[in-house]
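A.B. asks: Build me a model:
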Amino acid sequence: MEPRVTLAAPTLAAIAARIRPFVQRLPMQPPALALAAALNHWLTPRLPADTREALSHRCVEIVVTDLGLALRMQLEARGFGLAPARAPVALRIAAAAPDYWRLLRGRDDADRLFFERALVMEGDTEMGLILKNTLDAIGPLWQ
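C.D. replies: Model (predicted):
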């Protein structure tokens, strides 16, 4: 009888580590446009007018740490779109892809991820709190 060889399935972290060098060399505009389209579908219609005003014309950088993505966007009158190349980043939000997924699905809230140090916010504290409180009030964007 021949010995059996079993292969373990790669973890998400292992897959991310393998593709990160490749992803970092790609232009960030296509994934940023995809994220903007998703936000325009699931978030923008649910944003109160005062929140839209507070977030408008300010560059937010969403960093997906495990994949090496840094997606810059801003909210305009027609919805989310790419931020101008030279726009200063008002708020930077960084987390690994699985942590964003848990947040979007409502499995964890931003406070828990923040205190676990899985989610990092840097920049304009007031803007970060407005965004966090709005997302808490809206609930999961994807179920």
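A.B. asks: Look up which residues are beta-bridged to the residue most central in space within the chain.
C.D. replies: Geometric centre of the chain, nearest residue: Ile62, 4.7 Å, by Cα atoms, centre = their mean. Legend: beta-bridge partners of Ile62 under DSSP bridges are Leu71, Ile93.
A.B. asks: Can you give me the separation between it and Pro31?
C.D. replies: In this structure, Ile62 and Pro31 are 10 Å apart, going by Cβ to Cβ, to the nearest Å. In short, each C-beta sits where N, CA and C put it, glycine included.
A.B. asks: Common neighbours of the two, please.
C.D. replies: Taking Cβ atoms under 8 Å, 6 or more residues apart in numbering as the contact criterion, the common neighbours of Ile62 and Pro31 are 69, 71.
A.B. asks: isn't Val23 right next to Gly68, touching?
C.D. replies: Yes: the pair Val23 / Gly68 is scored as a contact, 5.1 Å apart, by Cβ atoms under 8 Å.
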